[in-house]
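Asks: pasted the sequence and its predicted model underneath.
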Amino acid sequence: MSGSDSPAARLQTLFEGHRLTPTQRRIAHSMVRRAAEVPFLSSVELAEVAGVSQPSVTRFAVALGFDGYPALRRHLREVVPSAEPAPRDTGHNEYQQAVAAEIENLRHLAEALADPAPVQEAGRTLAASRPLPVLGLRAAAAQAHGFAYFAAKVHPDVRLLNEGGTMLHDRIDAAVRAGASALLCFALPRHPREVLNALVHARAAGLTVVTVADSAFAPVAKASDLLLPAAVGTGLAFDTACAPMLLGRVLLETMCDDLPQAQARLEEFDARAAARGLFVE
């Protein structure tokens, strides 16, 4: 099954075009993450999965144009595989379950990448920007830092924006004055308000905003021109972000494809590193 024809992709298509409240986006995100089993959940069970009230699930179904949740569930059984999902393995401890959940997130990412056009378009957009600002605050700061570290080896001018505050807009403006045409943002929960404000400012300043987020329904979606979703794991005390990190590396790969000097820059770096004895072999 291709990424564009997967249960998760079909659900995302169902939700597109609807103005959803933050609570409804949370329900939608939970449904996409567990697309195969959602058609077999009651409204109470879905509410528990999403961490919302049962009436919120009913209002969500009505917002999508259905008479109620039973009608939505009947529709879901038509757009996802009809076979009931296999029982969950309950023999794993909480740490193994967290790893298994991340594997599932990576599987969903692989399905989405069956259609490479969005990430290739994003790579072209970022490769053409001189300089290239890369934004990531709080939980997403590590993702932004990792991307910027590797991107700087092939892109001539990468500017990491991993600290918020009153100067954030100033640094975006400086990048625009220097010739930037795009901004890459990593946005992970919980989503800082200043990230959303920064993206609104960046678009107003003329930048094309490419965002790697935990969901197509993340709060930053409305302030992004190209949004690439990759789910985070929520089974531990702190979220895990294997899929967003991998998506960032895929985005780097597509960006290299549109940077003619990328290979030469990498070879030059390797030569300098060897001359300096930079790495222990």
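Replies: Here it is on my side, so go on. Treat the numbers as computed from the prediction; the structure is a model and nothing was measured. Numbers count the residues shown, from 1 in each chain.

Asks: and for stretch 141-150, what are the contacting residues?
Replies: Applying C-beta atoms under 8 Å, 6 or more residues apart in numbering, the contact partners of stretch 141-150 are 134-136, 158-162, 184-186, 188, 212, 241, 244-245, 248-249, 251-252. All C-beta spots, glycine's among them, are computed from the backbone N, C-alpha and C.

Asks: and it, what's buried?
Replies: A141, A142, Q143, A144, G146, F147, A148 (16 or more other C-beta atoms under 10 Å).

Asks: quick one: name whatever helix or strand follows the helix or strand of the chain with the lowest mean pLDDT.
Replies: Sorting the helices and strands of the chain by mean pLDDT, DSSP states H and E puts helix 7-15 at the bottom, at a mean of 78. Using DSSP states H and E, the next helix or strand after helix 7-15 towards the C-terminus is helix 22-33.

Asks: and the angle from the next helix or strand after that following helix to helix 22-33?
Replies: With elements assigned by DSSP H and E, the helix or strand that comes after helix 22-33 is helix 43-50. Per axes from the mean of the first three to the mean of the last three C-alpha atoms, to 10 degrees, the angle that helix 43-50 makes with helix 22-33 is 90 degrees.

Asks: report the distance from the helix or strand just after helix 43-50 to the chain centre.
Replies: For helix 43-50, the following helix or strand on the C-terminal side (DSSP H and E) is helix 54-63. Averaging C-alpha positions (C-alpha atoms, centre = their mean, to the nearest Å) puts helix 54-63 25 Å from its chain's average.

Asks: average pLDDT for helix 54-63?
Replies: Averaged across helix 54-63, pLDDT comes to 91.

Asks: heads up, I number from 31, so please use that
Replies: Happy to do that; since the first residue is 31 now, the last one works out to helix 84-93.

Asks: and it with helix 52-63, angle?
Replies: On the basis of the same axes, to 10 degrees, helix 84-93 is oriented at 80 degrees to helix 52-63.

Asks: next SSE after helix 84-93?
Replies: Going down the chain from helix 84-93, the next helix or strand is helix 99-109, by DSSP H and E.

Asks: off-centre distance for the next helix or strand after that next one?
Replies: For helix 99-109, the following helix or strand on the C-terminal side (DSSP H and E) is helix 124-142. Put simply, helix 124-142 sits 14 Å off its chain's centre (C-alpha atoms, centre = their mean).

Asks: restricting to C-alpha, output helix 124-142 in CSV.
Replies: The C-alpha trace of helix 124-142 is given here as CSV (Å, rounded to 0.1, in the frame of the first residue of the first chain):
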residue,chain,number,x,y,z
GLU,A,124,6.7,-0.1,29.1
TYR,A,125,10.2,0.5,27.6
GLN,A,126,9.7,-2.1,24.9
GLN,A,127,6.3,-0.7,24.2
ALA,A,128,7.8,2.8,23.7
VAL,A,129,10.3,1.3,21.2
ALA,A,130,7.5,-0.5,19.4
ALA,A,131,5.5,2.7,19.2
GLU,A,132,8.5,4.5,17.6
ILE,A,133,8.9,1.6,15.1
GLU,A,134,5.3,2.2,14.2
ASN,A,135,5.9,5.9,13.7
LEU,A,136,8.8,5.1,11.4
ARG,A,137,6.6,2.7,9.5
HIS,A,138,4.0,5.4,8.9
LEU,A,139,6.8,7.8,7.8
ALA,A,140,8.0,5.2,5.3
GLU,A,141,4.5,4.9,3.9
ALA,A,142,4.2,8.7,3.6
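
Asks: check which helices and strands it sits against.
Replies: Judged by 3 or more C-beta pairs under 8 Å, 6 or more residues apart in numbering; DSSP states H and E, helix 124-142 is in contact with helix 37-45, helix 272-287.

Asks: quick check: next helix or strand after the last one?
Replies: Scanning forward in sequence from helix 272-287 by DSSP H and E, the next helix or strand is helix 292-306.

Asks: let me know the angle separating that next one from helix 272-287.
Replies: Going by the same axes, to 10 degrees, helix 292-306 makes 100 degrees with helix 272-287.

Asks: mean neighbour count added to the helices and strands packed on helix 124-142, as a markdown table?
Replies: Formatted as a markdown table, the helices and strands packed on helix 124-142 follow (neighbours: other C-beta atoms under 10 Å):
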| stretch | mean neighbour count |
| --- | --- |
| helix 37-45 | 19 |
| helix 272-287 | 20 |
